[in-house]
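Q: Next comes the sequence, and after it the predicted model I'd like to discuss.
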Amino acid sequence: MSTNAFGIDLGTSTIKIYSAADDHIMIEKNMIAIQNKKNVFAYGDSAYEMYEKAPGNIQISYPLCNGVIADIKNMETLIRFFITDISKGNIRPADFYIAVPTDITEVEKRAFYDLIKDANVKARKIMVVEKAVADGLGLDIDVKNSQGVLVVNVGHDTTEVSILSLGGIVLSRLIKTGGLKFDEAIRSAVRKEYGLLIGGKTAENIKKSLAQLEEAGTGAEVFGRDIVTGLPVEREIPTELVASCLEEHFNTIIDCVKQILERTPPELGADIYRHGIYLTGGASQISHLADKLKASTGLKVNVAERPSESVVLGLSKILKDENYKSVAYAIEGMGK
């Protein structure tokens, strides 16, 4: 096996790249800042630092939207920069394994392939891995032999609910609910209850610290702009308000899980009952989601230890272990 290979998990919010040469995972924000519509001003985490604070001539954007590539040019630029960084400026020919959602069209899958092909990263071979299969491997599930595994991956923009069996995907559904929707729900609840405008980053921080705040029994201290006076103010937001505004989105995810379970063949259903649900993805850590999922399905919920990295950990296993190579495939007509 060639040592020079990369496993790429393109998330809407973060990009995870595993490099086989130095056995290292790089995690950066999937963001790019463009100055005067043409120059790359910053990318990755440094672009995120400027988000919601940049002057008008700097556009900061996520090139991915709802799990698919929305801005191919900027996404190519990002891939090229990140691979250059990992390769310390010396890009050598390499194999690329890229994780893609299952419930997207063939054209959208092809876009992931073209992205690597056109990013000038000297790709020798480009293989595609279904995201849910990589998730399963990253969660230490023997996906090639186990039957009936239900994986729920709650990402930034989307949630993917999939049933795996014998190395393949039996059912999979992608819904447009994820961490971003949670943040928006918090922003609108704070605006409605307190007449306070808060930024996306503030909402994200409230969401991430919800479990600790509940434990401590305190509210979230936030800064924002008062709608009436237009002045910056500080307020304490009770955790009950935050928890209640997230209910609706939790229910959307739970409904999707139930719909998938209703369509599952009975034999696989028995295995899922034994294994339970595997909950992963960057936004899956949010307080109450696992408990609500357990209460409404009656199944045990296995929460991933490193939820945001499970896909890229799965890709690293595929690169390291010849046995798992068969779960990756080349897209038809792309063997150029």
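A: Right, received. Where do you want to start? Numbers count the residues shown, from 1 in each chain.

Q: all strands for the stretch 151-300 of the chain, in order.
A: Secondary structure of the stretch 151-300 of the chain, counting by DSSP state E, counting those that start in this stretch: strands at 159-165, 168-175, 196-197, 220-226, 232-237, 277-280.

Q: Show me what the fifth one pairs with in its sheet, parallel or antiparallel.
A: Applying DSSP bridges, strand 232-237 is found paired with strand 220-226 (antiparallel).

Q: could you dump the partner strand to CSV, C-alpha only?
A: Extracted in CSV, the C-alpha atoms of strand 220-226 (Å, rounded to 0.1, in the frame of the first residue of the first chain):
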residue,chain,number,x,y,z
ALA,A,220,-26.2,31.4,30.1
GLU,A,221,-24.6,34.9,30.2
VAL,A,222,-24.9,36.4,26.7
PHE,A,223,-24.1,39.7,25.0
GLY,A,224,-26.2,41.0,22.3
ARG,A,225,-28.0,44.0,20.9
ASP,A,226,-31.3,45.2,22.4
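
Q: In the stretch 101-250 of the chain, mark out all the helices, start to finish.
A: Secondary structure of the stretch 101-250 of the chain (DSSP state H, counting those that start in this stretch): helices at 106-117, 131-138, 179-194, 200-216, 239-262.

Q: pretty sure residue 169 is touching residue 163, no?
A: Yes. Between residue 169 and residue 163 there is a contact under C-beta atoms under 8 Å: 7.1 Å. Quick note: C-beta positions are derived from backbone N, CA and C, even for glycine.

Q: Which one's more surrounded, those two?
A: Each of residue 169 and residue 163 has its neighbours counted (other C-beta atoms under 10 Å); residue 163 has more, 25 against 18.

Q: TSV for the strands of the stretch 151-300 of the chain, including distance to residue 128 and mean pLDDT?
A: Converted to TSV, these look like this (distance: least, C-beta to C-beta, whole Å; pLDDT from 0 to 100):
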stretch	distance to residue 128	mean pLDDT
strand 159-165	15	95
strand 168-175	13	94
strand 196-197	42	97
strand 220-226	41	96
strand 232-237	43	96
strand 277-280	20	97
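
Q: Take those and write them to TSV, including distance to residue 83.
A: TSV is the format used below for the strands of the stretch 151-300 of the chain (distance: least, C-beta to C-beta, whole Å):
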stretch	distance to residue 83
strand 159-165	25
strand 168-175	27
strand 196-197	39
strand 220-226	38
strand 232-237	41
strand 277-280	25
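
Q: Can you tell me which of the helices of the stretch 101-250 of the chain is most buried?
A: The highest average neighbour count among these, using mean count of other C-beta atoms under 10 Å, belongs to helix 131-138 at a mean of 29.

Q: so what does it touch, helix or strand wise?
A: strand 5-10, strand 94-100, strand 149-154, strand 159-165, strand 168-175, strand 277-280, helix 310-320 (3 or more C-beta pairs under 8 Å, 6 or more residues apart in numbering; DSSP states H and E).

Q: Report the strands that pair with the fifth one, each with its relative direction.
A: In its sheet, strand 168-175 lies beside strand 159-165 (antiparallel), with partners assigned from DSSP bridges.

Q: next one: the second one
A: Take DSSP bridges as the rule and strand 94-100 pairs in its sheet with strand 5-10 (parallel), strand 123-130 (parallel).

Q: Check what contacts that strand and list those residues.
A: 2, 4-10, 108-109, 112-113, 115-116, 121-131, 134, 311-312, 314-315, 318-319, 328 (C-beta atoms under 8 Å, 6 or more residues apart in numbering).

Q: Pull out the buried members of those residues.
A: Among these, those classed as buried by 16 or more other C-beta atoms under 10 Å are 4-10, 109, 112-113, 115-116, 121, 123, 126-131, 134, 311-312, 314-315, 318-319, 328.

Q: average pLDDT across stretch 311-323?
A: In this model, stretch 311-323 has an average pLDDT of 94.

Q: Make 429 the first number, not 1, from now on.
A: Yes, from this point I'll number from 429; that puts the last item at stretch 739-751.

Q: Pull the residues that contact it.
A: Contacts for stretch 739-751 (C-beta under 8 Å, 6+ apart): 429, 433, 435-437, 444-446, 448, 451, 453, 455, 525, 527, 557, 559, 561-567, 572, 581, 734, 752-753, 755-756.

Q: now the strands paired with strand 522-528 as JSON lines including distance to residue 669 and mean pLDDT?
A: Below are the strands paired with strand 522-528 laid out as JSON lines (distance: least, C-beta to C-beta, whole Å; pLDDT from 0 to 100):
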{"stretch": "strand 433-438", "distance to residue 669": "34", "mean pLDDT": "96"}
{"stretch": "strand 551-558", "distance to residue 669": "38", "mean pLDDT": "94"}
